[in-house]
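Enquirer: Quick one: sequence plus predicted model below, questions after.
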Amino acid sequence: MSTISLDDVKKVAELSGVILADDDLEKFRAQFEEIINYIEKLQSVDVTGLEPTYQVTGLKNVTRPDEVIDYGLSRQELLKNAPQQLNGSLKVERVL
């Protein structure tokens with residue numbers, strides 16, 4: 001059994017940017033303790049001979065090989081109708 005201290009709870013709250021009142025520290029300590037205990041139970045389950053389950057729906061990625069398609073246009077021909085260019089590329093407004 002793992003023991004979570006109030007200092008551990010404070011450290012996790014600090015790392016996650018959460019401000020906890022002193023009243024909440026004990027509540028969260030107990031909840032963390034329950035989570036750790038549950039994980040320890042899961043680790044004790046015998047899973048020998050079981051295949052890992054990576055995908056439960058049976059769906060597969062649909063992919064295709066990359067192919068270079070030559071449309072017969074040069075870079076200059078493609079850029080001639082661009083509103084703005086810079087160093088042989090399209091120039092667009094900055095997006096933040």
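Expert: Everything's here; your move. Numbering: from 1, shown residues only.

Enquirer: next structured bit after the longest helix seen in the chain?
Expert: Of all the elements of type helix in the chain, the one with the most residues (DSSP state H) is helix 22-43. Reading on from helix 22-43 to the C-terminus, the next helix or strand found by DSSP states H and E is helix 75-79.

Enquirer: Give me the residues contacting that following helix.
Expert: With CB atoms under 8 Å, 6 or more residues apart in numbering as the contact definition, helix 75-79 has outside contacts at Gln85, Gly88, Ser89, Leu90. Every residue, glycine included, has its C-beta placed from N, CA and C.

Enquirer: Tell me how far the longest helix of the chain lies from the chain's centre.
Expert: How far helix 22-43 lies from its chain's middle: 24 Å, per CA atoms, centre = their mean, to the nearest Å.

Enquirer: And it, what does it pack against?
Expert: Packing partners of helix 22-43 (3 or more CB pairs under 8 Å, 6 or more residues apart in numbering; DSSP states H and E): helix 6-16.

Enquirer: can you pull the contacts of the residue nearest to the spatial centre of the chain?
Expert: Here the mean C-alpha position of the chain is nearest to the C-alpha of Ser16 (CA atoms, centre = their mean), at a distance of 15.8 Å. Under the criterion of CB under 8 Å, 6+ apart, the contact list for Ser16 is empty.

Enquirer: Show the pLDDT at it.
Expert: Per-residue confidence (pLDDT) for Ser16: 95.

Enquirer: From Leu25, how far off is it?
Expert: 14 Å (CB to CB, to the nearest Å).

Enquirer: what's the answer for Leu90, then?
Expert: Note on Leu90: its distance to Leu25, by CB to CB, is 55 Å.

Enquirer: more crowded one of the two?
Expert: Neighbours around Leu90 and Leu25, counted as other CB atoms under 10 Å, are more numerous at Leu25. The numbers are 16 against 11.

Enquirer: wait, isn't the more buried one in contact with Asp8?
Expert: No - using CB atoms under 8 Å, Leu25 is not in contact with Asp8; the gap is 10.0 Å.

Enquirer: what about this protein, any weak spots by pLDDT?
Expert: Counting by pLDDT under 70, the ranges of the chain that qualify are 1-2.
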